[in-house]
Every structure is written in structure tokens, then in C-alpha cells.
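>>> Need coordinates for the below:
(one chain, ligands or ions: 1)
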Amino acid sequence: MGDVRVRFAPSPTGYLHVGGARTALYNWLFARHHGGKFLLRIEDTDVKRSTPEMTDNILKSLEWLGLTWDEELVYQSQRLEIYREVAKELVNKGLAYYCYTPEGESECIEVAPEEAEGKKVAIKFRVPKSERIEFTDLIRGHIVFEGKDIKDFVIMKSDGYPTYQLAVVVDDHSMGITHVIRGEDHIPNTPKQILIYRAMGWELPQFAHLPMILGPDKKKLSKRHGAVSVLEYRRQGYLSEALFNFLALLGWSPGEDREIVPKDEMISLFDIKKVGKRAAVFDMQKLNWINSVYIRMKTDDELLELLRPFFSEVGVTDDEAIRKLIPLYKERARTLRDFVELSRYFFEDVTEYDEKGVKKHFKRPLEVASRLETCLSELEKLENWTAQDIEGVVRGVAESLDVSAAKLIHPIRLSITGMTFGPGLFELMEALGKETVLNRLRRAIEWLKMRGAQDTPE
Ligand code: GLU
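Predicted coordinates:
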């Protein structure tokens, strides 16, 4: 393919969300695959709704995802003169006309150029009613529109700002865009834009309209489905590589049912023609799974870097403390935030026990208390506080009491973490430290005895 030039053209009227990010990503993959250029254009001509904060959010999101752009960033708000020139040219050619909405009316009426002077006029494109507009979409195939079905449309608003339809064509042309890859909600805009290309005698780009993204309820993905902005995923502890991988699979597949595909391979395998027509369903569980796979692929040092901000939010800034936790939770964390959630009892005292856990593992409180007391007194004597030696003690106690090790392991876990699940108990006990473990066991024994006294009928 010749020199491929594609662009991502977000409007800074909202955060960059999953749908926009997927569009950016497919453009980026397409450009990198063909050794072409990926350009970025901020479509900020809707002055009322565009804000610099949103532009900032979009740029940060793209950077975080590694969607680096080539050449200089283009802002439409800096190109207003150019759109005005083109609009004027179309009027001069008779292909567009001034129109004016008299006070109190809603209908915009055509006015001759000499009457336009001094009035607040808009410019409308005159759609040739007898023309047929057709194009071959790289994803959706042949698409036909009839001119008679398209109303004349505004290209320049009366406030002097261009509409999206005009600005997008002018810029795609002047930026030398070869392929327009965007969401399928833009299909109805395409014939209008093609008419402007024709009117200006400009070469058409190729079009590729990406399928929609739906929530699990098969409705259009929206805030109702949870976090949708890219930086919110970062905040929730998703890795950029994982979100990248996940987004790439929303509508495209590298084949062979592969789900974990490194970036380099994505670039070499990506084929816009293989993007499906059917809407893609956003599956949070799949994202969680992909994220957990990427977490496991990280080294402990890399994870330490990534985890620091999450732990510092809860006031934990000690690298050594965090480092100790990594091997304990790496296998079960779905997100970086999970490391913090799952290890709470390292930084907070245990004051409550999981309700279901109580029903299951603290069922006969006095019996459990007495078993734990035996453990406690053996553990008190243990000098070498290592997982291996702790395990020896616990299993020894189980044997001497003639109960299964599980009858001790579950109540100990509940006592020292308040939870019913977590990392291997003996490693966990080593990491928590002797003093903490013994204190929590003592407290649990007390709690059990009280509970036992209440439960026992007089
Ligand atoms: N600013 C438009 C949008 O955000 C760009 C559409 C296009 O790519 O042509 O939807």
C-alpha cells in the first residue's frame, strides 16, 4: 500500500472513553502495520462544549495506552480561516448558498450573496438531488445513498464556525489522509462528506467504519456499564498493555482464538479487512482475565513500580512492605488495586470476621477456641518464624489433636485476616510476622469464647 496516513479526530467534549480509544487504536495499528503515519487532530470547533481539560484527558489517555502520534497535533480551532475560504469557494461555485433565519422563525431561507452582507448568515451545502453517492467501505462493503434522500446541510454556522461535515473534509484533505477509520455511527455522514470532496474536486480517502461496542446487556456501551473513560481504568488498576490488548480484540481477532497478543505481533497481524461487521460486546470479565495475565507476566520489580501509587493512596509508602506482598497476591490479583484490597489486614487491624466464614469455620466456638489455643501455645514457642516451620507446627498440632489440618487452617486464616480466602496460609503467617499473628489469634480465641458463652444454654 502507498503511504498510509490515518488520523484520530476526537472532539474534546468528553473524556476519552473505550469506544474512542478503540478507534484510535485501530488507526494506530493500521498505520504501524503499513509503516504509515498516525495523526491526531483535536476537533474543537464546538466552542461551547470543548474544554482544554478534555483535550488534556484525551492526550494523557493516548499516551498511557502507548498510542503515540506522528507529526504535529492539529487543532481545528486554529484553522477557522481555511474553512471559511473553502465555504466561500463553494458558494462562489454555486454549490453552497447563504441562508438566513429571520427572527422568530425556525426555517433557514436562502439569500443571495449580495443580500447576505451584514446579516448573520449560515452557509448550506446544496445537495445535488439526482446524484447517487456510493462508496466501498473496507469493513462494510458497498454502500449506496441517493442524493434525493439527503437534505441540504449546514457547512458554516452563522457564528463563523464550520460544522463537523465541512471541517473534517477540509482537514482530511489537507492532512493527506488516505484512510478514514471511525465508528459506524458516522456512516450517515459519509455521503455528505463525499459530496464536499466532489464539489472541491479532491481525491477521496478510503473509508472503514468500525462496529459498535455494546454492553453485556447488548445496549450501546455507556456509563451505565461502569467505568468507560480510559484513565478511569488506569485508576482502577488496569495495566495499559492489558487494556490495549483487550480493546484490540473488540471487533478484530488475530485468529486461532488467540486472546493474549503482544503489541508487536498485533501490529504485524492487524488487518482492517478482518474487522467484523457485528457489534462487539464489552466483557468486563474478559478484561479482568487479560489484566490478571499481564500482571503475572510482570516481574516483581515492575509490579513494585506500578503498585506504589495504589499503596500510597492508603498511606503505605514503604517499598519493603509492598515488595513482601507481591509474591503473595500476584497469582490472584485481577487488578493492581486488588493487591491493596486483598492485603488490607497487613495495614489494618482485624476487627471483624467474614460472616459466611464465621458460620462455616467458627461454628462450634468453644471447640474452635480450644484448638486455636493449642496452636497458639505451640506457635509461641516457635523461634524460627518461617512458612516451613509454621507449617510443621500447625500440622503437628492437627495430628496431636487428631483433626484434619483444614480444621486448623481455615479458623486460623479467619482469625488473622478476617477473610476466608487469600494466599497460602503459612507464607501469609510468615509475612504478617509472629507478633501480629499471635495477637490476632488471642483476640479470636477471646471472641470465640464469648460467642460460645452466649450460645450455651444455661
Ligand atoms: N470528531 C469526530 C468524532 O469525535 C470525528 C469523526 C471522524 O473521525 O470523522 O466523532
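
>>> Secondary structure element holding whichever residue of the stretch 101-250 of the chain sits closest to the ligand?
For the stretch 101-250 of the chain and the ligand, the shortest gap (Cβ to the nearest ligand atom) falls at residue 182, measuring 3.6 Å. C-beta: built from backbone N, CA, C; applies to glycine. Using DSSP states H and E, residue 182 sits in strand 179-183.

>>> Just the residues contacting that strand, thanks.
4-7, 9, 19, 23, 26-27, 30, 138, 172, 205-210, 212, 272 (Cβ atoms under 8 Å, 6 or more residues apart in numbering).

>>> rerun at 7 Å
The contact list for strand 179-183, computed with Cβ atoms under 7 Å, 6 or more residues apart in numbering, reads 4, 6, 19, 23, 26-27, 30, 172, 205-210, 272.

>>> Please save the CA atoms from the helix or strand that that strand is followed by in CSV.
Once the chain leaves strand 179-183, the next helix or strand it forms, by DSSP H and E, is helix 190-200. Extracted C-alpha coordinates of helix 190-200, given in CSV (Å, rounded to 0.1, in the frame of the first residue of the first chain):
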residue,chain,number,x,y,z
THR,A,190,-20.1,9.9,4.8
PRO,A,191,-22.2,10.7,1.7
LYS,A,192,-22.4,14.4,2.8
GLN,A,193,-18.6,14.4,3.1
ILE,A,194,-18.2,12.7,-0.2
LEU,A,195,-20.3,15.4,-1.8
ILE,A,196,-17.9,18.0,-0.4
TYR,A,197,-14.9,16.1,-1.8
ARG,A,198,-16.5,16.0,-5.2
ALA,A,199,-17.5,19.6,-5.1
MET,A,200,-13.9,20.6,-4.3
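
>>> gap between the helix or strand of the chain with the lowest mean pLDDT and the chain center?
Across the helices and strands of the chain, mean pLDDT, DSSP states H and E gives its lowest value to helix 113-116, namely a mean of 86. Relative to its chain's centre, helix 113-116 lies at 50 Å (Cα atoms, centre = their mean, to the nearest Å).

>>> still on that earlier bit, quick check: mean pLDDT across the strand holding residue 182?
Mean pLDDT, computed over strand 179-183, is 98.

>>> likewise stretch 225-233?
84.

>>> Provide a list of residues in contact with the closest residue to the ligand within the stretch 251-400 of the chain.
Taking Cβ to the nearest ligand atom, the ligand has its nearest neighbour within the stretch 251-400 of the chain at residue 272, 14.5 Å off. Counting by Cβ under 7 Å, 6+ apart, residue 272 touches 30, 138, 139, 181, 208.

>>> give me every residue that touches residue 279.
Residue 279 is in contact with 211, 212, 213, 214, counting by Cβ under 7 Å, 6+ apart.

>>> sorry, back to before: pLDDT score assigned to the residue of the stretch 251-400 of the chain closest to the ligand?
97.

>>> cool, residue 3 as well?
Residue 3 carries a pLDDT score of 95 in this model.

>>> Regarding it, which helix or strand does it belong to?
Using DSSP H and E, residue 3 sits within no helix or strand.

>>> Spell out which residues sit in contact with the residue nearest the centre of the chain, please.
Relative to the mean C-alpha position of the chain, the nearest C-alpha, by Cα atoms, centre = their mean, is the one of residue 230, at 4.0 Å. By Cβ under 7 Å, 6+ apart, the residues touching residue 230 are 16, 17, 21, 61, 64, 65.

>>> Take the residues you listed and write them to a markdown table, including distance to the ligand.
Below are those laid out as a markdown table (distance: Cβ to the nearest ligand atom, whole Å):
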| residue | distance to the ligand |
| --- | --- |
| 16 | 10 |
| 17 | 11 |
| 21 | 12 |
| 61 | 14 |
| 64 | 19 |
| 65 | 17 |
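
>>> Residue numbers of the stretch 101-250 of the chain in contact with the ligand?
168, 182, 186 (Cβ under 6 Å from any ligand atom).

>>> any low-confidence regions in this structure?
Residue ranges of the chain with pLDDT under 70: 1-2, 226-227, 456-458.

>>> gap between residue 351 and residue 120?
From residue 351 across to residue 120, the span is 68 Å (Cβ to Cβ, to the nearest Å).

>>> The two: which is more packed in?
Taking residue 351 and residue 120 together and counting by other Cβ atoms under 10 Å, residue 120 has the greater number of neighbours (11 against 7).

>>> Give me the phi and psi angles of residue 73.
phi -70, psi 140 (degrees, to the nearest 10).

>>> my read: it touches residue 39, true?
No: contact between residue 73 and residue 39 fails when scored by Cβ atoms under 7 Å: they sit 8.5 Å apart.

>>> what about these two, which has more around it?
Shown here are residue 73 and residue 39; by other Cβ under 10 Å, residue 39 has more neighbours (23 against 11).

>>> helix, strand or coil for that one?
At residue 39 the chain is in strand, as set by DSSP: H, G, I helix; E, B strand; the rest coil.

>>> Identify the residue spatially nearest to it, adjacent ones excluded.
Closest residue to residue 39 apart from its sequence neighbours, by Cβ to Cβ, 6 or more residues apart in numbering: residue 7 at 4.2 Å.

>>> elements contacting the strand or helix carrying the one you found?
Assigned by DSSP H and E, residue 7 belongs to strand 5-8. Secondary-structure packing of strand 5-8 (3 or more Cβ pairs under 7 Å, 6 or more residues apart in numbering; DSSP states H and E): helix 18-33, strand 37-42.

>>> Go through those and pick out the most buried.
A comparison of those by mean neighbour count, using mean count of other Cβ atoms under 10 Å, puts helix 18-33 on top with a mean of 24.
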